[in-house]
Structures are given as C-alpha cells and as structure tokens.
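>>> This is the structure alone, sequence omitted:
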DNA sequence: GCAGTGATCATA
DNA sequence: ATGATCACTGCC
C-alpha cells in the first residue's frame, strides 16, 4: 500500500451513526439503499449492499407493529434510533428492522433484501440473525451494523409494502417499500 | 395456490 | 389455558 493513500481508513468513520436513523422511516428507508450491511460472525466479516427496504411510520401507521401499542414485542420500537428490532415471523423467519426517528416514535425500517439474499426471511438466514440481537444498537460492538460505503443508489422504485393487507386499503396501498434497480 | 411453523397477544 | 393471527418461504 502506498503512503498517503487512505484505503485503510478506520472503518469506524464509515459506520452509520444513530443520527442517520434519527429521521422519518421513509427517508431512512430510501437512504439505506446502496448502503452496506455488515455482519460479524466470529472473526469473519460479511458485507451486503442493501437492495430493498420498507418503512413503518409509527403508531398512526396501521401496518406498523407499534400501532397495536407498547407490548413485549414492540417495546424495542419505542427505543432510540439505530436500535435493532428483530422478531420471529410465521414461527421460523427472523426479520431485521432498525428503529428510526427520535426516541419514542416507534417507527422502523424493515430490511427486505441485501447482497444476494432477497426477502426478509432469507436475509435473516444469510445474516445468521439471533433473537439476542433484538434491542441492541446497530454498531460494530453488536456485530451487526451499517456502513456508508456501498454505491450511489441511482434508480429507486417505490411500491406498496408486502403482506400488510390487514392494515386496510389506505395503509397497505401506500408506497413505502423501496427497491434498488440496477 | 397453500401448508408449515411457533411466538405473541387478546380473551377468559 | 386457548385460539387467532401473522411485515414469509418453499414446494405443489
């Protein structure tokens, strides 16, 4: 490596801080596209470029889990921005979400796809998600975090969210799902 | 198109 | 204690 090059910049400078997540969920969901999701498993480090996300806006959003109030499961959604919200769907798939907005907003972004993993359940498996990560901060210390690198998200498609028909037409039709088109 | 899967939550 | 409900996937 040549002197003066900054290829070996400390990765701490690339880590998305909690301030990144302290904005509305739809804004964060868009901005997360093209960012890098990093997972440390043992000594190994795996990187995945985020390709698909969904925004859940908070208690007023009837598709959002927090719309059912503060329960054991939704408790972490009321925590600070950048908190991981991980839950088991349909008995076998662990979903990865990040809490957004100022603390107490109970909004979150669901990561639906990253790297070659398409679909939240498959992504959970690719990341070796564990329930113990629920409520932890998205930081290197936790072993699961986001980095700035990645590439510029050029073409973003917005579409209705998946599997939220129970929320009624108003909230299920709203285009809060974001897909990176290459 | 639909079965499998089990935590979670409301109801009692 | 019991039953309905799922922010899904994989196989038909």
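Noted; the coordinates are in hand. These figures come from a predicted structure and were not determined experimentally. Residues are numbered from 1 along each chain as shown, chains lettered A, B, ... in the order given.
>>> Run through chain A and note the low-pLDDT ranges.
Scanning chain A for pLDDT under 70 picks out A:1-11.
>>> Tell me the residues of chain A that contact DNA strand C?
With C-beta under 7 Å from any atom of the strand as the criterion, chain A comes near DNA strand C at residues A:54, A:56, A:63-66, A:77, A:85, A:89-93, A:95, A:97, A:108, A:110, A:119-123, A:161-164, A:166. Any C-beta I mention is one placed from the backbone N, CA and C, and that applies to glycine too.
>>> how about the strands in chain A?
For chain A, strands defined by DSSP state E occupy the ranges A:36-41, A:44-56, A:84-89, A:93-100, A:107-114, A:117-118, A:144-147, A:155-159, A:177-181.
>>> closest one to DNA strand B among the ones you listed?
Distance to DNA strand B, taken as C-beta to the nearest atom of the strand, is lowest for strand A:84-89 among the strands of chain A, at 5.0 Å.
>>> Please name the bridge partners of residue A:89.
Residue A:89 has these beta-bridge partners by DSSP bridges: residue A:93.
>>> how much space is there between it and residue A:44?
26 Å (C-beta to C-beta, to the nearest Å).
>>> If you count surrounding residues, which of these two has more?
Neighbours per residue (other C-beta atoms under 10 Å) separate residue A:89 from residue A:44, with residue A:89 holding more: 12 against 7.
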